[in-house]
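In: model the structure of this input:
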Amino acid sequence: MTPSASPLFYTPAGTFIGWRDGAVVRASGIRYARAMRFQPPVDEAPAPEPVLATVPGPACPQVVDALLSQALGPALTNLTYDEDCLRLTVTAPADAEPAARLPVIVWIHGGSYVSGAGDLPFYDPARLVEEQRVVVVAVTYRLGLFGFLARPEVPANLGLLDLLSALRWVQRNVGGFGGDAPNVTLLGHSSGGDAAAHLIVAEGAAGLFRRVILHSAPLGLAPNRGRMTAAMARAVGAIPPAASHEEVLAREAQAWRAARWQGLKSGMPFGTQYGAFPLPAEAAAEQAWRAAAPTVDVLIGATAEELRFFAVIDPKFRWLAGVPLLGPALTRGLVAAASRRIYVAPAAAFARRHARAGGRAYLFEVTFRPRGSVFGAAHTIDLPLLFGTRDTWAAVPLLGDAPWEEVEEAGREVRRLWADFARHGALPAAAEVPGVLRVRRM
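Out: Residues are numbered from 1 along each chain as shown. The predicted structure follows:
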């Protein structure tokens, strides 16, 4: 990196012209791979000329669920969409030199495998990067029918293969941004956490990362998905090669309808598929996680009221709260039971198995409840503790009436603990940020 007005990053992939943003520098929208529709990615070749990296990458084409705006406000609006979306953005301290060897955190966004992008403004890692002197790489990958549903003519797990390609890019090039390639931590939220958990046992992933932080991974929805996946594939059928991405997204709605009879799993019908490259067969997955445990440190957890997010925004659940006298109690019971089944109990089981197999594992619970928020300690409440700014979160209903100073104070210690884990893979045997977070070693 040079001290010029436009920072230059020299890497094996080429020279990237980035941009300064206060105390951090960024190289945005870097292409890490290319892929034909419904085909595996091909790692991007080195660029012969300097690459201008000053514009966020596009998002994978997607249907934005209007219900999400009730919790996240305008966070998912005004995105640019393109199937050519295999891009990443690197954010580093402005004074980081290539020899700095800073810890690297690779951000894998959530969104039920059908929505989101790595460069959403409320995922801005500048606070984390500036305070904790880490390098953050945010990855955008294929979603929905473009990345996570096998059909006779379409391989499974294409989005997971995208992430493997991005991690190979990180290994080869992050040193040019001051990052330490042997010290990479995956940080995944929701479906991104599910993807990161499965990358632990993915063929070709060994050596690409040393640690994982899994936020609200819906691991309770991962098993026994074969029948649902087959029904979705039949409903979608063959998609003509010349179909527009809008036509592909229309077929995605057919897949959702085919999955709706599958109980809780229908809440996230798209996802990783066992027994298809690069994942082991479902019967072998438990042993694969045990075998990988000694080589990967794990920090995993959930929020205290995960399903309250959906109980507030989804009409299927809102009617319950209106039941005379019993409504609030019924809602609390449903939220607690479904949260345990989908998120909390599977996270604890994952951590226990990992520790018993010889790995280092920590389990956390996010208890932060912003004042005036009907969402409480719901799914996604952990995000403003790590990412974003006052401006990006100001219009987000999730935070209720909480002043930004309160959110900032709540998140500062969380960011420190998470960066310590990324640096060393170790935390205190028990740690607590009162009213915000609890962590314990398993």
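
In: just the strands in the stretch 101-250 of the chain please.
Out: 102-108, 135-139, 179-189, 211-215 (DSSP state E, counting those that start in this stretch).

In: select, out of those strands, the one closest to Leu427.
Out: strand 211-215 (10.9 Å; C-beta to C-beta). Quick note: C-beta positions are derived from backbone N, CA and C, even for glycine.

In: quick one: strands adjacent to the closest one?
Out: Partners of strand 211-215 in the sheet, by DSSP bridges, are strand 179-189 (parallel), strand 297-303 (parallel).

In: using PDB, write out the CA atom coordinates for that strand.
Out: Extracted in PDB, the C-alpha atoms of strand 211-215 (Å, rounded to 0.1, in the frame of the first residue of the first chain):
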ATOM      1  CA  ARG A 211     -11.300 -20.100  13.100                       C
ATOM      2  CA  VAL A 212     -15.000 -19.700  12.700                       C
ATOM      3  CA  ILE A 213     -17.500 -17.400  14.400                       C
ATOM      4  CA  LEU A 214     -21.100 -18.600  13.900                       C
ATOM      5  CA  HIS A 215     -23.900 -16.100  14.700                       C
END
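
In: where does this structure have low pLDDT?
Out: The chain contains residues with pLDDT under 70 at 1-4, 315-328, 330-331.

In: stretch 394-405: how far from the chain's middle?
Out: When distances are taken as C-alpha atoms, centre = their mean, to the nearest Å, stretch 394-405 is centred 22 Å away from the chain's centroid.

In: that stretch: end-to-end distance?
Out: 12 Å (C-alpha to C-alpha, to the nearest Å).

In: same question, stretch 218-235
Out: End-to-end for stretch 218-235, by C-alpha to C-alpha: 24 Å.

In: in that stretch, what's buried?
Out: Pro218, Leu219, Gly220, Leu221, Ala222, Arg225, Met228, Thr229, Ala231, Met232, Ala233 (16 or more other C-beta atoms under 10 Å).

In: what does stretch 255-272 give?
Out: Those would be 255-256, 258-259, 262, 265-272, for stretch 255-272 by 16+ other C-beta under 10 Å.

In: before we move on, what about stretch 335-345?
Out: Neighbour count says stretch 335-345 has Val335, Ala336, Ala338, Ser339, Arg340, Ile342, Tyr343, Val344 buried, by 16+ other C-beta under 10 Å.

In: nearest to Pro182 among those residues?
Out: Of all the buried residues of stretch 335-345, Pro182 sits closest to Tyr343, with 31.0 Å by C-beta to C-beta.

In: so the closest one, which state does it fall into?
Out: helix (DSSP: H, G, I helix; E, B strand; the rest coil).

In: return the residues in contact with it.
Out: Ser216, Ala217, Pro218, Leu219, Gly220, Ala302, Thr303, Glu306, His379 (C-beta atoms under 8 Å, 6 or more residues apart in numbering).

In: also Pro56?
Out: By C-beta under 8 Å, 6+ apart, the contact list for Pro56 reads Ser28, Gly29, Thr80, Thr89, Asp119.

In: if any of those residues are buried, give me the PyMOL selection for them.
Out: In PyMOL, a selection of the buried entries from the contacts of Pro56 looks like this (16+ other C-beta under 10 Å):
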select buried, resi 28+29+89+119
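
In: is it possible to export the contacts of Pro56 to a markdown table including distance to Gln39 and secondary structure?
Out: Output for these, formatted as a markdown table (distance: C-beta to C-beta, whole Å; DSSP: H, G, I helix; E, B strand; the rest coil):
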| residue | distance to Gln39 | secondary structure |
| --- | --- | --- |
| Ser28 | 26 | strand |
| Gly29 | 22 | strand |
| Thr80 | 22 | coil |
| Thr89 | 24 | strand |
| Asp119 | 24 | coil |
